[in-house]
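In: fold the following and give me the result.
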Amino acid sequence: MDMVSLLTQVKNCQLCASCLVDGVRPVVQIDPQAKVLIIGQAPGRKVHLSGIPFDDASGDRLRLWLGVTKDVFYDAKQIAIMPMGFCYPGSYAGFGKGKSGDLPPRPECAPKWHDLLLQQLVNVKLILLVGQYAQQYYLADKPKTLTETVQQWRRFGPRYIPLPHPSPRNNIWLSRNPWFEDELLRDIRLRVANALA
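Out: Residues are numbered from 1 along each chain as shown. Below is the predicted model:
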């Protein structure tokens with residue numbers, strides 16, 4: 001199947017429509033020429049409304065981490081973006097006390113679409129696994145915690161780099177783990193630059 005036909009199927013997917021309170025709106029950025037692939041969690045509400053991946057504060061921080069401009073980030077021929085769940089899963093609001101924020105990515109999406117899309121991405125040199133859901137899915141022998149996984153990021157290279165989610169909700173994690181920004185980001189930016197060269 002060619003990429004155009006595949007993306008048409010993705011955009012028309014109704015696999016978990018009955019579970020999505022805000023409706024179906026798959027958000028992906030894919031081109032067979034892409035050299036870097038970002039696998040994140042799922043679109044947030046703002047991204048669901050705009051249809052543009054990482055069109056929020058998380059995206060601003062992620063671009064800073066990677067050392068790329070918006071023009072490079074949104075050039076599908078350079079960077080592909082394929083979340084674990086393509087549609088906004090909704091939030092915990094209305095589920096009572098306890099957790100807050102967005103629900104996890106829908107579990108149906110990655111098994112249905114990821115392998116098909118990865119087969120088209122023949123030029124990808126580097127895959128960034130952003131957040132615990134992508135890391136759990138793609139790193140079979142990863143440590144138990146996200147912190148340990150990110151600390152051991154060199155283990156998963158040269159193909160994968162695990163990253164924490166760049167959400168402002170993770171500011172506490174970043175303040176508790178200054179080694180991430182002090183030690184890792186320079187190497188990560190270099191790897192991204194090399195992959196895009």
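In: how about residue 132, nearest residue that isn't a chain neighbour?
Out: residue 146 (4.9 Å; Cβ to Cβ, 6 or more residues apart in numbering). In this view, the C-beta of every residue, glycine as well, is placed from N, C-alpha and C.
In: and the closest residue to residue 79 other than its chain neighbours, what are its bridge partners?
Out: Once flanking residues are discounted, residue 79 sits nearest to residue 36: 4.8 Å by Cβ to Cβ, 6+ apart. Here residue 36 shows beta-bridge partners residue 79, residue 126, assigned using DSSP bridges.
In: for residue 36, give me its contacts.
Out: Listed by Cβ atoms under 8 Å, 6 or more residues apart in numbering, the contact partners of residue 36 are 78-80, 124-128, 192, 195-196.
In: in JSON lines: these, plus distance to residue 137, neighbour count and pLDDT.
Out: Output for the contacts of residue 36, formatted as JSON lines (distance: Cβ to Cβ, whole Å; neighbours: other Cβ atoms under 10 Å; pLDDT from 0 to 100):
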{"residue": "78", "distance to residue 137": "24", "neighbour count": "19", "pLDDT": "98"}
{"residue": "79", "distance to residue 137": "20", "neighbour count": "26", "pLDDT": "98"}
{"residue": "80", "distance to residue 137": "16", "neighbour count": "26", "pLDDT": "98"}
{"residue": "124", "distance to residue 137": "16", "neighbour count": "18", "pLDDT": "98"}
{"residue": "125", "distance to residue 137": "20", "neighbour count": "16", "pLDDT": "97"}
{"residue": "126", "distance to residue 137": "17", "neighbour count": "20", "pLDDT": "98"}
{"residue": "127", "distance to residue 137": "11", "neighbour count": "21", "pLDDT": "98"}
{"residue": "128", "distance to residue 137": "13", "neighbour count": "23", "pLDDT": "98"}
{"residue": "192", "distance to residue 137": "21", "neighbour count": "23", "pLDDT": "97"}
{"residue": "195", "distance to residue 137": "21", "neighbour count": "21", "pLDDT": "97"}
{"residue": "196", "distance to residue 137": "24", "neighbour count": "18", "pLDDT": "97"}
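In: wait, which of those residues is closest to residue 154?
Out: The nearest member of the contacts of residue 36 to residue 154, counting by Cβ to Cβ, is residue 126 at 13.3 Å.
In: you'd agree residue 167 is up against residue 60?
Out: No: with contact defined as Cβ atoms under 8 Å, residue 167 does not count as touching residue 60 (10.8 Å).
In: compare the two (neighbour count), which wins?
Out: Shown here are residue 167 and residue 60; by other Cβ atoms under 10 Å, residue 167 has more neighbours (19 against 14).
In: for the residue nearest to the more buried one when sequence neighbours are not counted, give me its contacts.
Out: Spatially, and ignoring its direct neighbours in sequence, residue 167 is nearest to residue 58 (4.7 Å; Cβ to Cβ, 6+ apart). Residues in contact with residue 58 (Cβ under 8 Å, 6+ apart) are 44, 165-168.
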